[in-house]
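[1] From the sequence below, what's the structure:
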Amino acid sequence: MTSLLWIAIAFCAFVLVLPVWLAPVLGSESAAYSIHVENALQPPSLAAWFGTDNLGRSQWDRFLFGAGNSFYNAAGSLGIALPLCLVMGGIAGHKAGHWPDKAISWAIAMVHATPFFLVVVAFTAVFSPGLESLPWLIAAVIWAPPARLVRGEVIRLNESRFVLSERAGGLSRWTILLASILPLTLAPTAVSLLYLFPEIVGIDVALSFFGLGAQPPTPTLGRLIYDGLRRWDPAWWLATFPSLGLFAYCLLLHAMADMIGRITGAAGK
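    This next block holds a predicted model:
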């Protein structure tokens, strides 16, 4: 069952970064960026599957590269947040009641008390907006809820029989934490982070409204949806296809998170 769990987590990671790899294969970068004003706002057809935007650029190709950029942000932020919440939550649970736990719990409470989106907007406004800084900024605020989960699991597992037997065998507390306890918290932490995926991409959409996301002409799903909503009446397809693609991908990730949850539950039984 443990091997199946690791395979499921690896598969989720693969699906998460799949759009980044598929964009150059299925799309054309020149079509995504080249301006052809004479073909502006063409509806979907065999020549342009998702139509064209106001500058005559292929919306299909911009959708592919925009999805790749958005999922690069999401995968990068999740990849940074996962070890961060494991370390912070593990230390807090391991030192429950002592000053490391109090300091980390205070940081978690501060992140929870501050509106999620406003923190990202503030940091993005201070630093240069763009794709390079977004994964780090998003990871800096999404680590708190899973870290609280890890803390609780570590406290619970510290009193389990197998941990007590390992202590009786002479293993140190830090060795037990790193080798036995934290691996057991990986699956629920990964599931909780996957459930945050729609909110992470939603930040991309919201930042586009403030001009703080990826800067033109770089496409992201948020930028495509934002620009499409501004031109909904003459060109309904500009926002429709990116929104449907984002919705379908969020459903897929939720299904995979549920799959990991079921495997973990079966392993627990």
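[2] Nearest residue to Tyr195 in space, please, no chain neighbours.
    Excluding the flanking residues, the one nearest Tyr195 by Cβ to Cβ, 6 or more residues apart in numbering is Ala257, at 5.7 Å. (C-beta placed from N, C-alpha, C; glycine too.)
[3] and if you look at Tyr72?
    Closest to Tyr72 by Cβ to Cβ, 6+ apart is Val20, at 5.2 Å.
[4] any idea how far Val201 is from the one you found?
    To Val201, Val20 is 14 Å away according to Cβ to Cβ, to the nearest Å.
[5] now Gln215
    As judged by Cβ to Cβ, Gln215 and Val201 stand 18 Å apart.
[6] Please say which of the two ends up with more neighbours.
    Legend: neighbour count by other Cβ atoms under 10 Å for Gln215 and Val201, higher for Val201 (23 against 12).
[7] Correct me if wrong: the more buried one contacts Arg223.
    No - in this structure Val201 lies outside contact range of Arg223 using Cβ atoms under 8 Å: 11.7 Å.
[8] Tell me which residues are up against stretch 65-79.
    Contact with stretch 65-79 is made by 13, 16-23, 27, 29, 32, 131, 134-136, 138-139, 142, 193-194, 196-197, 200-201, 204, 214, 218-224, 242, 245-246, 249, as judged by Cβ atoms under 8 Å, 6 or more residues apart in numbering.
[9] Just the ones of these in strands?
    Among the contacts of stretch 65-79, none falls in strands (DSSP state E).
[10] could you list every residue that touches the residue lying closest to Leu246 once chain neighbours are set aside?
    Computed as Cβ to Cβ, 6+ apart, the closest residue to Leu246 that is not its neighbour in sequence is Leu221, at 5.3 Å. Residues in contact with Leu221, defined by Cβ under 8 Å, 6+ apart, are Phe63, Gly66, Ala67, Ser70, Val201, Asp204, Val205, Pro242, Gly245, Leu246.
[11] Compare these and tell me which is most surrounded.
    Of all the contacts of Leu221, the highest neighbour tally under other Cβ under 10 Å goes to Ser70, namely 30 neighbours.
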